[in-house]
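[1] coords please:
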Amino acid sequence: MAAQGAGDDVGREVHNRMVAFLNDFVSQATLEAMEMDGVSADADAAQPLPDYQSQISSMLQCDTSTLFVDFSHLMQHDAELAEVCVTDYTPLTASYTEIMMMCDLVWTD
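    You can find the predicted model right below:
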């Protein structure tokens with residue numbers, strides 16, 4: 001994720017990758033829990049719920065502004081994005097509102 005253009009381009013890429021992480025990440029623990037419940041993650045009807053979906057839904061319903069992310073999940077999903085989070089937190093802070101709007105669109109009940 002090299003800065004090849006203006007800071008806005010890097011911020012947009014960080015935003016898009018973070019939204020993808022929040023929308024898509026399913027931990028090994030979630031998959032194992034499904035398996036213990038006798039549900040196959042490969043079955044069409046049994047798509048695992050992304051790990052952060054319920055936390056984001058609760059956050060939006062309670063009008064709070066803190067999302068707790070397990071850094072090891074981020075490293076597992078996108079190590080390059082995790083490195084950017086460690087070295088330059090500013091793009092994530094700047095795109096917080098956009099991330100929340102995107103998650104609201106995806107996960108509104």
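[2] residue 17 reaches residue 82, doesn't it?
    No. Applying C-beta atoms under 8 Å as the test, residue 17 and residue 82 come out as separate, 10.0 Å apart. (Glycine included, C-beta is placed from N, CA and C.)
[3] next one: residue 76 from residue 34, what distance?
    As defined by C-beta to C-beta, to the nearest Å, residue 76 lies at a distance of 17 Å from residue 34.
[4] equivalent analysis for residue 16, please.
    Shown here: residue 16 relative to residue 34, a distance of 28 Å by C-beta to C-beta.
[5] now residue 12
    34 Å.
[6] on the three-state scheme, residue 47 is what?
    Under DSSP: H, G, I helix; E, B strand; the rest coil, the three-state class of residue 47 is coil.
[7] residues near residue 84, how many?
    Neighbour count of residue 84, defined by other C-beta atoms under 10 Å: 21.
[8] cool, residue 25 as well?
    Other residues lying near residue 25 total 19 when counted by other C-beta under 10 Å.
[9] enumerate every residue touching it.
    If you count contacts by C-beta atoms under 8 Å, 6 or more residues apart in numbering, residue 25 has them with 50, 51, 52, 73, 76, 77.
[10] go on, residue 68?
    residue 55.
[11] just the buried members of the contacts of residue 25?
    With neighbours counted using 16 or more other C-beta atoms under 10 Å, the contacts of residue 25 contain these buried positions: 50, 51, 52, 73, 77.
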